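[1] Below is the sequence, then the predicted model.
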Amino acid sequence: MHELRPGLHRWTASHPSWVAGARPESVGDWPQLVGCVAVDLGDRVVFVDPLVPYALWPRLDELVGRRAVHVLTTVSSHRRSAEEVVERYAGTTDAPAGVVPIAVPARETQYWLPSFGALVVGDRVIGDGRGGLRLCPASWLRGGASPVSVSELAEGLRPLLELPIELVLVSHGDPVLDGAQDELRRALGAQSGKS
């Protein structure tokens, strides 16, 4: 677990559903390690998309102490260890003050952490493998009752650029810790007119 800024923690864990050798840009094309976030808001701790390896529980116990816990997920497939965390710490699944949920296209909720200048995303914005950001593969958007195109996703994400984003914490890939607003703008602009 790494403290990116005082009170803002991120770790990665090996996802049990990951399969090696997925065809590029397919539904299964994502890194084995997935990102998880813990936020210390003083009187409470917020977890986003937690996947907790056994060895990490003591550090999380120390972080939480006797404070209130909130457990949030960006997409339904990111439930991961959410129920375990709720049970262990008698937590809730509501977003507390200091965390702003933002509904985005294709059934995702992203979380804006204004006191950290951080945007926590799930599957719609991912690491590009070169230290930057990109939108998810089109194959990730085709399922469900109301699929969207990559260009529709980009258009739906553009309001995020109005936030003073300093960090983007992704679930898939490396977080962007410098120049995050420009990197998100580049990722959205790169999709203009594409579907």
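    That came through fine.

[2] any idea how far the nearest residue to Val34 once chain neighbours are set aside is from Pro50?
    Spatially, and ignoring its direct neighbours in sequence, Val34 is nearest to His15 (4.8 Å; CB to CB, 6 or more residues apart in numbering). Backbone N, C-alpha and C define where each C-beta goes, glycine included. Counting by CB to CB, to the nearest Å, the gap from His15 to Pro50 is 12 Å.

[3] what's the overlap in contacts for those two?
    Arg80 (CB atoms under 8 Å, 6 or more residues apart in numbering).

[4] the more surrounded of the two?
    Neighbour count, other CB atoms under 10 Å: between His15 and Pro50, Pro50 has more, with 24 against 17.

[5] shouldn't the residue nearest to Val34 be in contact with Cys36?
    No: under the criterion of CB atoms under 8 Å, His15 makes no contact with Cys36, lying 10.4 Å away.

[6] if I look at the two, which residues touch both of them?
    51, 80.

[7] Show me the shaky parts of this protein.
    Filtered on pLDDT under 70, the chain yields the residue ranges 143-146, 190-195.

[8] Just the strands from it, written as ranges.
    2-5, 8-14, 33-40, 44-48, 68-72, 100-104, 108-113, 118-120, 125-127, 133-135, 167-169 (DSSP state E).

[9] Between those, which one is closest to Leu177.
    Across these, Leu177 has its closest neighbour in strand 167-169 (5.5 Å, CB to CB).

[10] I'd like the distance between Ala118 and Trp112.
    8 Å.

[11] more neighbours, the two?
    Of the pair Ala118 and Trp112, Ala118 is the one with more neighbours under other CB under 10 Å, namely 24 against 19.

[12] partner residues bridging the more buried one?
    In this entry, Ala118 is beta-bridged to Leu113, Leu167, by DSSP bridges.

[13] so it touches Leu167, yeah?
    Yes: using CB under 8 Å, Ala118 makes contact with Leu167 at a distance of 4.2 Å.

[14] List the contacts of the closest residue to Ser77 other than its chain neighbours.
    Nearest residue to Ser77 in three dimensions, chain neighbours excluded: Asp123, at 7.6 Å (CB to CB, 6+ apart). Applying CB under 8 Å, 6+ apart, we find Asp123 in contact with 74-75, 77-78, 106, 108, 136, 140, 171-172.

[15] Now rank the residues you listed by neighbours and give me the top one.
    Highest count within the contacts of Asp123 by other CB under 10 Å belongs to Ser171, 30 neighbours.
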